[in-house]
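Colleague: how would this look folded up:
(one chain, ligands or ions: 2)
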Amino acid sequence: MTPKILLVNPPIYDFAAYDFWGKPYGLLSVAGYLRGRAEFALFDYLDRLHPFMAEFQGLQSDRWGRGRFCCERIPAPPALADVPRYFRRFGLPRSIFRDFLAQQRPFDFVFVQTMMTYWYQGVHEVVEDVRRAQPEAKIILGGNYATLCAAHAQRLGADFLANGADLDPLWDYLGLSPDLTQPAMWQAYEKLNVGVLKLSEGCPFSCTYCSVPKVYRQFKTRSLDRSFAELQLLSGRKVTDIAFYDDALLFDAEKIFVPFLQEVLKQNIKVNFHSPNALNVRFVTPELAKLMIQAGFKTFYLGLESTSLQWQQRTGSKVSATELAQAVDLFITAGAEPANITAYQILGHPYTDAQELEESIRFVNSLGIRGMLADFSPIPGTPDGEFCRRWVDMDEPLFHNKTAFPIILLGFERTNTLKDLQRRLNRAIS
Ligand code: B12
Ligand code: SF4
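Modeller: Ligands and ions are numbered 1, 2, ... in the order given. Next up, the predicted model:
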């Protein structure tokens, strides 16, 4: 008999959350691999096109498909009680999921997406509700939290944890064999305006604050045919905006990214592309910048973190200030709007003394582009995350919270001063 599988993207418990082209892409990909082998239903707590959220004022999408979630203020968990910010639950109300379960059960398996390690409260809520509605359904967790904090996730009461991108044990557990040529299960959404693509896995760099090198081990390209089939599926569903979730989209571009963009042009597919997960500017060439813009790239998020050479050398030498300036110049020459180019810089990294963040913020501003402070989230198992054990209990994932950690390290005032400086300088970039 064909098994019935429920896919769930949990609500978020955090100080802040914004839909920055966020989709449960791992969950949808796994469901895609099982296309035709199971029957699926999706409950996405963060779907802003769900009729409940669509009715809220002020949640409309911006011109690239991003926007706010509905939310409610709740008490912060004890671990974060001292952080002077309001704590919230973001996403659809719990009662809607409970009604959904009552109407749609029984399910054989429930796949739950996990994302940021410090968002596990939402995962816990889902596990509780599924257990109450249907104790015999097998609950499967996969994604970032289940991989990076497996021992902690084990305690939430799920039946099976998928570890990283190694899905063989999952197929054995389900007793199903996947079709790995299938694109993600985008049909699970009734309405869709934003999609995601990922042309590769992993990254050839080894930044000391990042989990990617350990989780994926090596850089690998994915099948171009499969990615193209997925793009066609998305464009057939009238998706207007697509974000790439690659960690190293521009690495080895000739092998995968360039042929992909050439095919987009050849088939005259019109969508807006975005790179929220930081591009490595070292690999930008005049030809690549031009091709990206011709194929539909609208926003460009660039990874910088700091202009300090010393900081870069201590953390993996991802990129230099000169390389950033060159790439910005190439994108602008190719036709990108300077206001749509943003450089990320880490705020609250443990080597803060070496980081010279103020100088770095001013340097980015001098290039005429926007800067964005990416609050540091310490990740267990990375060199920098392990170093952070001297400030926080890294075995409690709530302490990986990106709003909390910079305040714990730098203090509330210093954190605000740096954010104010960034905001003030950005105002001048139209
Ligand atoms: C896309 C992305 C984002 C997006 C949005 C994510 C979203 N949906 O909300 C953006 C750019 C907004 C973002 C922001 C941030 N991010 Co981010 N992000 C990612 C990224 C690249 C992919 C996450 C993802 O969707 N994975 C799922 C898919 C795409 O991966 P996949 O390999 O195809 O998945 C396979 C398997 O993993 C498995 N699988 C995956 N999910 C599931 C689910 C089930 C049920 C099963 C069975 C299997 C399974 O099967 C898949 C198919 O092969 C990861 C790095 C990474 N490579 O995972 C970082 C990562 C999750 N981000 C990270 C960080 C640090 C951040 C920021 C804090 C950065 C900052 N300071 O601004 C912010 C936090 C945002 C917030 N609101 O708190 C960290 C994690 C931090 C943490 N403590 O958890 C990561 C791991 C990167 C890193 N530095 O190591 N991020
Ligand atoms: S370049 Fe980016 S993805 Fe690669 S290791 Fe460094 S931070 Fe992680």
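
Colleague: which strands or helices does the helix or strand hosting Lys419 pack on?
Modeller: Taking DSSP states H and E as the definition, Lys419 sits inside helix 412-427. In terms of contacts (3 or more C-beta pairs under 8 Å, 6 or more residues apart in numbering; DSSP states H and E), helix 412-427 is packed against strand 341-347, helix 357-366, strand 370-375, helix 404-410. All C-beta atoms are positioned from the backbone trio N, CA, C, and that covers glycine.

Colleague: please enumerate the strands of the stretch 251-400 of the chain.
Modeller: If DSSP state E, counting those that start in this stretch is used as the criterion, the strands of the stretch 251-400 of the chain fall at 272-274, 300-303, 341-347, 370-375.

Colleague: thinking again about what came up before, save the helices and strands packed on helix 412-427 as JSON lines, and put in mean pLDDT, mean neighbour count and distance to ligand 2 too.
Modeller: Output for those, formatted as JSON lines (pLDDT from 0 to 100; neighbours: other C-beta atoms under 10 Å; distance: least, C-beta to the nearest ligand atom, whole Å):
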{"stretch": "strand 341-347", "mean pLDDT": "98", "mean neighbour count": "23", "distance to ligand 2": "10"}
{"stretch": "helix 357-366", "mean pLDDT": "96", "mean neighbour count": "19", "distance to ligand 2": "16"}
{"stretch": "strand 370-375", "mean pLDDT": "98", "mean neighbour count": "20", "distance to ligand 2": "10"}
{"stretch": "helix 404-410", "mean pLDDT": "98", "mean neighbour count": "22", "distance to ligand 2": "17"}
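
Colleague: for ligand 1, find the nearest of these.
Modeller: Distances from ligand 1 to each of the helices and strands packed on helix 412-427 were compared using C-beta to the nearest ligand atom; the minimum, 3.5 Å, belongs to strand 370-375.

Colleague: would you turn the strands of the stretch 251-400 of the chain into JSON lines with distance to Phe244?
Modeller: Output for the strands of the stretch 251-400 of the chain, formatted as JSON lines (distance: least, C-beta to C-beta, whole Å):
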{"stretch": "strand 272-274", "distance to Phe244": "7"}
{"stretch": "strand 300-303", "distance to Phe244": "10"}
{"stretch": "strand 341-347", "distance to Phe244": "15"}
{"stretch": "strand 370-375", "distance to Phe244": "17"}
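
Colleague: residues contacting Cys388?
Modeller: Cys388 makes contact with Pro350, Pro378, Met394, Phe405, according to C-beta atoms under 8 Å, 6 or more residues apart in numbering.

Colleague: just give me the neighbour total for the closest residue in space to the first one that isn't next to it in sequence.
Modeller: Think Pro350. In space, not counting the residues next to it along the chain, Pro350 is nearest to Phe387; the distance is 5.4 Å by C-beta to C-beta, 6 or more residues apart in numbering. Using other C-beta atoms under 10 Å, Phe387 has 16 neighbouring residues.

Colleague: what parts of the protein come near ligand 1?
Modeller: The interface of the chain toward ligand 1, taken as C-beta under 6 Å from any ligand atom, is made up of 17, 20, 22-23, 25-27, 29-30, 111-113, 115-118, 140, 142-144, 162, 164-165, 167, 170, 198, 201, 210-212, 245, 247, 276-277, 374-375, 377, 379, 400, 402.

Colleague: just the ones of the residues you listed in helices?
Modeller: With helices defined by DSSP state H, the entries of those inside them are Tyr25, Gly26, Leu27, Ser29, Val30, Asn144, Leu170, Val212.

Colleague: which stretches of this structure have low pLDDT?
Modeller: Applying pLDDT under 70 to the chain picks out no residues at all.

Colleague: break it into its domains for me.
Modeller: Following automatic domain parsing, the chain resolves into domains at 4-174, 194-427.

Colleague: what's the closest of the ones you listed to Met185?
Modeller: Put simply, out of the domains of the chain the one that sits nearest Met185 is domain 4-174, at 3.8 Å, with distance taken as C-beta to C-beta.

Colleague: please, where are all the helices along the stretch 151-300 of the chain?
Modeller: 168-174, 212-216, 224-236, 257-266, 286-295 (DSSP state H, counting those that start in this stretch).

Colleague: what packs against the second one?
Modeller: So the one you mean is helix 212-216. Using 3+ C-beta pairs under 8 Å, 6+ apart, helix 212-216 sits against no helix or strand.

Colleague: list the buried ones in that helix?
Modeller: Using 16 or more other C-beta atoms under 10 Å as the burial criterion, the residues of helix 212-216 that qualify are Val212, Pro213, Val215, Tyr216.

Colleague: try the first one
Modeller: When burial is assessed from 16+ other C-beta under 10 Å, helix 168-174 yields the following buried residues: Leu170, Leu174.

Colleague: how far away from the center of its chain is it?
Modeller: Relative to the mean C-alpha coordinate of its chain, helix 168-174 is positioned 25 Å out (C-alpha atoms, centre = their mean, to the nearest Å).

Colleague: what residues does it touch?
Modeller: Helix 168-174 is contacted from outside by Pro3, Val30, Leu34, Phe109, Ile140, Gly142, Phe160, Ala162, Asn163, Ser177, Pro178, using C-beta under 8 Å, 6+ apart.

Colleague: partner residues bridging the fifth one?
Modeller: By that I understand Ile140. For Ile140, the residues forming beta bridges with it (DSSP bridges) are Phe111, Phe160.
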